[in-house]
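Could you look at this predicted model? Sequence included:
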Amino acid sequence: VVKGNDTLLMKGYGKANVEWDVPMPPDAMFEIGSVTKQFTAAAILQLRDAGKLSLDDEITKWLPDLDTRGNRISVRRLLDHTSGMVGLTEIPEVQQLSWNPNFPRDSVIALINRYPFQFPTGTMQMYNNSAFWLAGLIIEKASRMTYKDYVEQRMFAPLGMTRSMYCNSSENVPRRAHGYIVYNNGVISRGPKNAHTWLPFAAGSLCSTAGDLVTWAKALHAGKVLSPRSYQEMITPAKLNDGTVLRYGLGIAVQKDSRGLPYIGQGGSVLG
């Protein structure tokens, strides 16, 4: 809990390891799931600021193998969930393949191409992991770096986020909390490992701590990550083609909280 520059509360709750009854340390590392999306959006905006791409680029400029079904999809439409393409988490084959760490990323676009669009681009909004997965490929092409290297070297390192990384389930990471699943009968079971080699990638494969995310939030909203123009675009509610205002900016929700106060944020979850 932070207000301005004052940390009011920084404490761990629950167990980092249930079997060994290990308390959760304040600097425990977690898989942050879709909180990753704001980093992906910020990376795209940084590359735009550097003149490497435009938000109005058609994604076929970067990903010519994607079948857009005649839709004109701009990079911007990936970041505000209005592309209309099928989402990875809604593709049946992905449910079967997600456990395979060796599934080739080149085949993911082929999977997406198998399914029709859910609606014409820009006419509706539906939360979409395919869009942010593809945004990760665009980051790699525009920056000539892997997504992992880009976020770690261009975002985490400059801000001193030393407890943040692209998740690696096969690596021993100090004070990384184990994931668990609580079943309907109350039984707690160790969650499965998420490979992160190809899924969820730029849609949800970052790992971080509460303290590092405080560092990130302070830097992002204090103008230390993006240009004023890009920051404003990130936190401005997107619009459909007909002008309907949405409750989402670029990679982050922008809406009212339960008290009617302005809210900027993004949650996330992964297995466990």
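Everything's here; your move.

ok, the closest residue to Asn17 other than its chain neighbours - contacts?
Nearest non-adjacent residue to Asn17, counting by Cβ to Cβ, 6 or more residues apart in numbering: His178, 5.3 Å away. In this view, the C-beta of every residue, glycine as well, is placed from N, C-alpha and C. By Cβ atoms under 8 Å, 6 or more residues apart in numbering, the contact set of His178 is 16-18, 190-191, 272.

Include distance to Ser74 and neighbour count when you put these into a markdown table, please.
Shown next, in a markdown table, are those (distance: Cβ to Cβ, whole Å; neighbours: other Cβ atoms under 10 Å):
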| residue | distance to Ser74 | neighbour count |
| --- | --- | --- |
| Ala16 | 42 | 18 |
| Asn17 | 45 | 14 |
| Val18 | 45 | 13 |
| Arg190 | 42 | 13 |
| Gly191 | 36 | 15 |
| Gly272 | 35 | 16 |
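
between those, which is nearest Thr89?
Comparing the contacts of His178 against Thr89 with Cβ to Cβ places Gly272 closest, at 15.6 Å.

separation between the closest residue to Ser227 other than its chain neighbours and Gln153?
Nearest non-adjacent residue to Ser227, counting by Cβ to Cβ, 6+ apart: Asp49, 4.8 Å away. According to Cβ to Cβ, to the nearest Å, Asp49 and Gln153 sit 17 Å apart.

Next: Leu199.
With distances taken as Cβ to Cβ, Leu199 is found 23 Å from Gln153.

Specify which residue of the two has the higher count of neighbours.
Leu199 (24 against 13; other Cβ atoms under 10 Å).

For the more buried one, which residues are in contact?
Contacts of Leu199 (Cβ under 8 Å, 6+ apart): 88, 94, 98, 103, 133, 205.

Likewise for Leu250?
Counted by Cβ under 8 Å, 6+ apart, Leu250 has contacts 41, 44-45, 76, 79-80, 233-234, 238.

Now name the helix or strand holding it.
Using DSSP states H and E, Leu250 sits within no helix or strand.

Throw the contacts of Leu199 into a markdown table and include pLDDT, distance to Tyr248 and secondary structure, thanks.
Shown next, in a markdown table, are those (pLDDT from 0 to 100; distance: Cβ to Cβ, whole Å; DSSP: H, G, I helix; E, B strand; the rest coil):
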| residue | pLDDT | distance to Tyr248 | secondary structure |
| --- | --- | --- | --- |
| Leu88 | 95 | 18 | helix |
| Val94 | 91 | 23 | helix |
| Ser98 | 83 | 25 | coil |
| Phe103 | 92 | 29 | coil |
| Trp133 | 98 | 17 | helix |
| Ser205 | 97 | 21 | coil |
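
Scan the residues you listed and report the most crowded one.
Going by other Cβ under 10 Å, Ser205 tops the contacts of Leu199 with 29 neighbours.

That one and Ile73, how far apart?
Distance from Ser205 to Ile73, counting by Cβ to Cβ: 23 Å.

likewise Ala110?
From Ala110 across to Ile73, the span is 17 Å (Cβ to Cβ).

isn't there a strand covering Phe156?
No: read with DSSP: H, G, I helix; E, B strand; the rest coil, Phe156 is helix and lies in no strand.

residues contacting it?
162, 164-165, 212.

Kindly report the same for Asp212.
156, 161-164.

now swap in Ile112 and tell me
Ile112 sits next to 66, 85-86, 88, 91, 130, 134 when contact means Cβ under 8 Å, 6+ apart.

Need the pLDDT of the most centrally placed residue in the chain.
Closest residue to the average C-alpha location of the chain: Lys37 at 2.2 Å, with Cα atoms, centre = their mean. The model reports Lys37 with a pLDDT of 98.
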